[in-house]
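*Asks:* Turn this into a model:
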Amino acid sequence: MKQIALVAAFTAFAGAAQADNPMVGGAPMFASKNIVENAVNSADHTTLVAALQAAGLVETLQSEGPFTVFAPTNAAFDRLKAGTVEALLQPEAKDQLTQILTCHVVGADAMSGAIKGMIEDDGGMHVVPTLGGCMLKAAYEGDRIMLEDERGRTINVTIADVEQSNGVIHVVDRLILPAM
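*Replies:* Numbering: from 1, shown residues only. I've put the predicted structure just below:
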């Protein structure tokens, strides 16, 4: 009887932990899994996963972290000029792809509430340094967090606070690009 009660309690706890996380790309996101383990299940992030593999960043984003990843959707990649994604996935473009992808990663676990707090503390805009050397400008309006990349382009967080075992994912609608 105690084993059944323990299993039931664990199952309820695991279900509750997952229930707090939003669905992404039609898939449940589990706080007990790492960034890559969850991303591979999202139908909206197949291009991102392919890009992480091509850049050799899968192992990094499976490590302990913590990381905050601004995860662009397939639609975000589709906004690039025709042929750009295919060119970036080629071995000779690995350095450029790695820089672009690491401009989506921050070496901290930053939930949206913390980001908003930093923005407020800095008077309405907070500079966010990424692992790729990009300096993003974060701001918010209502519940929506927006980033500005080094090219002056606005990137919107469309799904915030997807907890991971090694950080957090915030889904974004556009690729973050480094300065030219």
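
*Asks:* got the contact list for residue 74?
*Replies:* 44, 45, 46, 47, 48 (C-beta atoms under 8 Å, 6 or more residues apart in numbering). The C-beta positions use only the backbone N, C-alpha and C, and glycine is treated the same way.

*Asks:* Which helix or strand lies directly C-terminal to the helix or strand harbouring residue 49?
*Replies:* Assigned by DSSP states H and E, residue 49 falls within helix 46-55. Later in the chain than helix 46-55, the nearest helix or strand by DSSP H and E is helix 58-62.

*Asks:* Using PDB, list the CA coordinates for that following helix.
*Replies:* This file holds the C-alpha atoms of helix 58-62, laid out as PDB (Å, rounded to 0.1, in the frame of the first residue of the first chain):
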ATOM      1  CA  VAL A  58      24.000  20.200 -28.500                       C
ATOM      2  CA  GLU A  59      26.400  18.900 -25.800                       C
ATOM      3  CA  THR A  60      26.900  22.400 -24.500                       C
ATOM      4  CA  LEU A  61      23.100  23.000 -24.100                       C
ATOM      5  CA  GLN A  62      22.800  19.600 -22.500                       C
END
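
*Asks:* Now restrict the contacts of residue 74 to buried residues only.
*Replies:* Buried positions within the contacts of residue 74, assessed by neighbour count (16 or more other C-beta atoms under 10 Å), are 44, 45, 47, 48.

*Asks:* hang on, isn't the last one packed against residue 70?
*Replies:* No: with contacts defined as C-beta atoms under 8 Å, residue 48 does not count as touching residue 70, sitting 10.5 Å away.

*Asks:* hmm, back to that, I'd like the buried ones among the contacts of residue 74 as a markdown table, with pLDDT appended.
*Replies:* Shown next, in a markdown table, are the buried ones among the contacts of residue 74 (pLDDT from 0 to 100):
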| residue | pLDDT |
| --- | --- |
| 44 | 95 |
| 45 | 96 |
| 47 | 96 |
| 48 | 96 |
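
*Asks:* Could you dump those residues into a markdown table with distance to residue 174 added?
*Replies:* Shown next, in a markdown table, are the buried ones among the contacts of residue 74 (distance: C-beta to C-beta, whole Å):
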| residue | distance to residue 174 |
| --- | --- |
| 44 | 14 |
| 45 | 14 |
| 47 | 13 |
| 48 | 13 |
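
*Asks:* Please identify which of these is nearest to residue 90.
*Replies:* Distance to residue 90, by C-beta to C-beta, is smallest for residue 47 among these, at 14.4 Å.

*Asks:* which ones are touching the closest one?
*Replies:* Shown in contact with residue 47 (C-beta under 8 Å, 6+ apart): 72, 74, 77, 85.

*Asks:* Mind checking which of those are in strands?
*Replies:* residue 72 (DSSP state E).

*Asks:* What does the pLDDT read for residue 10?
*Replies:* Residue 10 is assigned a predicted lDDT (pLDDT) of 36.
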